[in-house]
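Engineer: No sequence on hand, only this structure:
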């Protein structure tokens, strides 16, 4: 009995070999690939009467490979395949029957094409429609295409139990991923090779694989498209699907992805407030007391619940900013900082993690404070300053605009990260605008560094230093207008 479809029914949908050849050539030239562009994977289990006809109808093209996976067949199906001499066919054999999904996985792992097509071996899928199936992928409109027997004009009649099962899967799929796929059990599919990277830990090797593959593709947010296909009635034998086993496999798959989606949502919500895991993210400071008072009315149920929530978050966060602080937008303060009272910043200030900053510290606009810096009380840092890691700024010192502190003498040296030493600016020292202080340099108490000076060695207390390299030219105590505090 002939298993070919009625040609007149396929006139509106069937692709042609001309389009296939043109598409293959375009992709080959665009991606400069020598491997077959399209891999057709066909799982085979006791379909000796239909498999040869299925293969004969696949377009014969040099950039198309056919992979037959014999899943422990006991009939002459493989022998029928080997009788085909004029096509390049790769045969993979399972010694024992491992299931529909396992057979597909074996074929997919051996596929070399940029697009992978899967279809059944029972003659119900029409190889002539492969061009229609891959067209959305070639046109960059989809990553994963499902050949749907329920779209188009053919009005395929499935048994009631199959319709009910498909409806059940479709409802949960739409609920989880906000997408609609009518024929979610279709084995006639095409997808990009890149999707194979998410198939390393598939849980289901039977019919549940079909559902799991669809759910997993949606879970990883690949674009799914359906295209109408004509499905022939089975002409030979009976289906080898165990309905009870398939029902259990598909149901457990759906339950697994419901739980996985919920877990993913919970982790996503939790990460928004888990300050211990976002130490590299910017934290915008706000006073909790002001937040409680100004956002919502006091003494309401919402206010009490919000206050309880804020107190819980306060107990978990690993940074602290004192009261009466003024943080101007868009300042970025990393987690792990300990900042005392009356702190203020200009605009576009960045403060990395794990710094200790004292009372009454002011940092000007566009300044950058790296990590593990100690800044004591009453320090003034003007705009566009750079303070590298492991620097120490003692109390009441003053940095003018564009001052740069350095923490390494040989930036490209071996183990440079292990030998970083920032400068130490002692109490009441003044660093003039556009000055540069080299790594490890100690600027003494009450020292005065003139504008534009490059300091390459330690500076004594009260010394006046200018020039490049900086040289001592006097003592601040001899200046008439200098007042020691």
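Structural biologist: Sure thing, it's come through. Values in this document were obtained by computation on a predicted structure and should not be read as measured data.

Engineer: Just the strands from the stretch 201-350 of the chain, written as ranges.
Structural biologist: 224-228, 320-321, 332-333, 338-339, 344-345, 350-351 (DSSP state E, counting those that start in this stretch).

Engineer: quick one: residue 344 and residue 47, what's the gap?
Structural biologist: Taking CB to CB, to the nearest Å as the criterion, residue 344 is separated from residue 47 by 78 Å. C-beta here means a position set from N, CA and C on the backbone, and glycine is covered the same way.

Engineer: out of the two, which sits in the busier spot?
Structural biologist: Remark: of residue 344 and residue 47, residue 47 carries more neighbours, 23 against 16, as counted by other CB atoms under 10 Å.

Engineer: So the more buried one sits against residue 119, correct?
Structural biologist: No: the pair residue 47 / residue 119 is not scored as a contact, 11.9 Å apart, by CB atoms under 8 Å.

Engineer: I'd guess residue 474 is in a helix, am I close?
Structural biologist: No: per DSSP: H, G, I helix; E, B strand; the rest coil, residue 474 lies outside any helix segment and is strand.

Engineer: Which parts of this protein belong to which domain?
Structural biologist: Domain assignment of the chain by automatic domain parsing yields the ranges 7-265, 288-478.

Engineer: looking at the ones you listed, which has the lowest confidence?
Structural biologist: Sorting the domains of the chain by mean pLDDT places domain 7-265 lowest, at a mean of 78.

Engineer: Work out the gap between it and the centre of the chain.
Structural biologist: Computed by CA atoms, centre = their mean, to the nearest Å, the chain-centroid distance of domain 7-265 equals 27 Å.

Engineer: Just the helices from this structure, written as ranges.
Structural biologist: 7-10, 17-31, 51-56, 77-82, 100-109, 130-138, 160-177, 208-219, 243-271, 288-295, 301-316 (DSSP state H).

Engineer: now the strands of the stretch 201-350 of the chain in CSV, with distance to residue 362?
Structural biologist: Converted to CSV, these look like this (distance: least, CB to CB, whole Å):
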stretch, distance to residue 362
strand 224-228, 55
strand 320-321, 14
strand 332-333, 15
strand 338-339, 12
strand 344-345, 5
strand 350-351, 13
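
Engineer: Minimum distance to residue 422: which of the ones you listed has it?
Structural biologist: The minimum distance between residue 422 and the strands of the stretch 201-350 of the chain falls on strand 350-351, with 15.1 Å, by CB to CB.

Engineer: by contact count, what packs against that closest one?
Structural biologist: When contacts are defined as 3 or more CB pairs under 8 Å, 6 or more residues apart in numbering; DSSP states H and E, strand 350-351 packs onto strand 332-333, strand 368-369.

Engineer: Can you list the strands that the last one pairs with?
Structural biologist: Spelled out, that is strand 368-369. Sheet pairing for strand 368-369, assigned by DSSP bridges, gives strand 350-351 (parallel), strand 386-387 (parallel).

Engineer: Repeat that for the first one.
Structural biologist: Each strand paired with strand 332-333, and its direction, by DSSP bridges: strand 350-351 (parallel).

Engineer: neighbouring contacts of the partner strand?
Structural biologist: With contacts defined as CB atoms under 8 Å, 6 or more residues apart in numbering, strand 350-351 is touched by 331, 332, 333, 334, 337, 345, 357, 363, 367, 368, 369.
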